[in-house]
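[1] Predicted model and sequence follow; I will ask about them next.
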Amino acid sequence: MNIKIIIIISLFMGFNSLYAQVGIGTILPTAELEIAATNTGIPALELNPQSTPVGTADGQLAVIDDKLYLFDATRGKWLSTDTTSLNYGWSGTADGQVLWFGGNVELTGPIMPLDGTIVYVTINSSGGNTTKRMELQINGSNVGNSGDPTIDGRISLAGGSFNYSDYNIDFNAGDYLTIEAAINGAGVDDPVAVIWVKWRQ
């Protein structure tokens, strides 16, 4: 057989395998990579912990310290795959009050155990001033007003509610997070806020 034909066939087979599905423990994978684990008593996959790698694309995974992280290319950082919610509220009309975190912890809120990023905030109320301004705070200081909505801590309710899922506000271990109903106009009734955070590397 001609050596050129052998090289062409080898190259074709090599390129074909680059785009094929890969199965470990199965000959009929249902995804680009499938690990069909058996009951052998050992894990199907092991990702060894590492120091923080350089992330370049959405979907990259790394075990950093003892947590599983996913690289978020939009926010440009490694964020934990788990999300933690922090719940705040106020019974009655709020006007100039810091909302209570999970009970009556008005002034401090929860202390963060790790560096993290606020990724979502939702607020809902039962009435009163349905355009009330709320202030997102770190360590009792307003995050501030910004033209960039991903880092803007000044929130204006619309119809008594607010929902934003593209926040990118960093905090550090030891910081505490609060939300305050600002003193502007009438108070808002029974506001409830939830801050979702992911741990950051």
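    Yes, it's here. Residues are numbered from 1 along each chain as shown.

[2] Show me the domain layout of the chain.
    The record's domain parsing of the chain by automatic domain parsing lists 3-35, 47-82, 83-199.

[3] Deepest-packed of those, please.
    Stretch with highest mean neighbour count among these: domain 83-199 (a mean of 17; mean count of other Cβ atoms under 10 Å). The C-beta positions use only the backbone N, C-alpha and C, and glycine is treated the same way.

[4] Pull up the distance across that domain, start to finish.
    Counting by Cα to Cα, to the nearest Å, you get 8 Å between the two ends of domain 83-199.

[5] re the thing from before, can I get the domains of the chain in CSV with mean pLDDT?
    Formatted as CSV, the domains of the chain follow (pLDDT from 0 to 100):
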stretch, mean pLDDT
domain 3-35, 69
domain 47-82, 92
domain 83-199, 90
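
[6] any chance of these in CSV, plus distance to Gly41?
    Output for the domains of the chain, formatted as CSV (distance: least, Cβ to Cβ, whole Å):
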stretch, distance to Gly41
domain 3-35, 15
domain 47-82, 19
domain 83-199, 31
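
[7] Please list the outside residues in contact with stretch 120-134.
    Applying Cβ atoms under 8 Å, 6 or more residues apart in numbering, the contact partners of stretch 120-134 are 83, 93-95, 136, 154-165, 167, 179-182, 184-196.

[8] can you pull out the helices in this structure?
    3-18 (DSSP state H).

[9] residues contacting Arg200?
    Contacts of Arg200 by Cβ under 8 Å, 6+ apart are Lys77, Trp78, Leu79, Ser80, Leu114, Asp115, Gly116, Thr117, Asp170.

[10] ok, what's across the strand from it?
    Note on Arg200: beta-bridge partners Leu79, judged by DSSP bridges.

[11] isn't Val119 right up against Val194?
    No. If you go by Cβ atoms under 8 Å, Val119 and Val194 don't touch, sitting 11.6 Å apart.

[12] For Thr178, list each beta-bridge partner.
    Bridge pairing for Thr178 - DSSP bridges - gives Gln137.

[13] Would you mind measuring from it to Leu114?
    18 Å (Cβ to Cβ, to the nearest Å).

[14] what do you get for Asn124?
    28 Å.

[15] cool, Ala36 as well?
    35 Å.

[16] Same check on Thr30?
    For Thr30 relative to Leu114 (Cβ to Cβ), the value is 36 Å.

[17] Kindly report the same for Ala181.
    Counting by Cβ to Cβ - Ala181 and Leu114 are separated by 28 Å.

[18] can you check Ile42 too?
    30 Å.

[19] what do you get for Leu79?
    Distance from Leu79 to Leu114, by Cβ to Cβ: 11 Å.

[20] thought Lys67 was touching Trp199?
    Yes. Using Cβ under 8 Å, Lys67 makes contact with Trp199 at a distance of 6.3 Å.
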